[in-house]
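Student: Sequence plus the predicted model coming up.
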Amino acid sequence: MTALRRTVPAAFAAACIVAAPCPAADPNYARNLAATCANCHGTAGRSAGGMPSLLGADKARMLQQLHDFRTGARPATVMHQLAKGYSDEQLELIAGYFAGLKPAQFPAPPPGPSGD
Ligand code: HEC
């Protein structure tokens, strides 16, 4: 009997571990892809100026722009090459990620000492 008392909770514990949801894919995949744009477009897509911001962009519009860069319909200095480096699925994830960011979550940093 003592053995049974010990075994039953152990069996439940094992079932919980097995039943725990496991992420099918990396939950940060879209964010990590979007991070490759930060060098030029700013952290979280908030540009410090001189470059278009991607933060809070309209998803369909951004996908169209990326598509136009890829096909050459829109001439570019670098984006025509960069856009070709991602699959359709990846661009979809990236555009969805930026579209889902709320500008209020990422306020502009305070001006630097020089007032920039
Ligand atoms: C090496 C710097 C660089 C990187 C990295 C970069 N971009 Fe760009 N992006 C530019 C430049 C420069 C432009 C202006 C078009 C051009 O000359 O290529 C631009 C323009 C854009 C535009 C058009 C915005 C508008 O309103 O006209 C979109 C959309 C865009 N980039 C998305 C992305 C995405 C998404 C990524 C990451 C996958 C990315 N960019 C990474 C430099 C960069």
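Tutor: Thanks, I have the structure now. Numbers count the residues shown, from 1 in each chain.

Student: Now for the residue most central in space within the chain: which residues touch it?
Tutor: Among the residues of the chain, the one closest to the centroid is Arg31, at 2.1 Å (CA atoms, centre = their mean). Contact analysis of Arg31 by CB atoms under 8 Å, 6 or more residues apart in numbering lists Tyr97. C-betas here are computed from N, CA, C, even on glycine.

Student: Kindly report the same for the one 3 residues further on.
Tutor: Shown in contact with Ala34 (CB under 8 Å, 6+ apart): 45, 54, 93-94, 97-98.

Student: Out of those, name the ones that lie in helices.
Tutor: Using DSSP state H, the members of the contacts of Ala34 that fall within helices are 93-94, 97-98.

Student: out of these, who's nearest the ligand?
Tutor: Each of those was scored against the ligand by CB to the nearest ligand atom, and Ile94 proved nearest at 4.8 Å.

Student: Tally up the residues packed near the closest one, please.
Tutor: Residues near Ile94, counting by other CB atoms under 10 Å, number 25.

Student: Quick check: next helix or strand after the lowest-mean-pLDDT helix or strand in the chain?
Tutor: For the chain, scoring each helix and strand by mean pLDDT, DSSP states H and E identifies helix 2-19 as the least confident one, at a mean of 52. If you walk from helix 2-19 toward the C-terminus, the next helix or strand you reach (DSSP states H and E) is helix 29-35.

Student: So which bits of the helix or strand following that following helix are buried?
Tutor: As assigned by DSSP H and E, the chain's next helix or strand after helix 29-35 is helix 38-41. Under the neighbour-count criterion of 16 or more other CB atoms under 10 Å, helix 38-41 has His41 buried.
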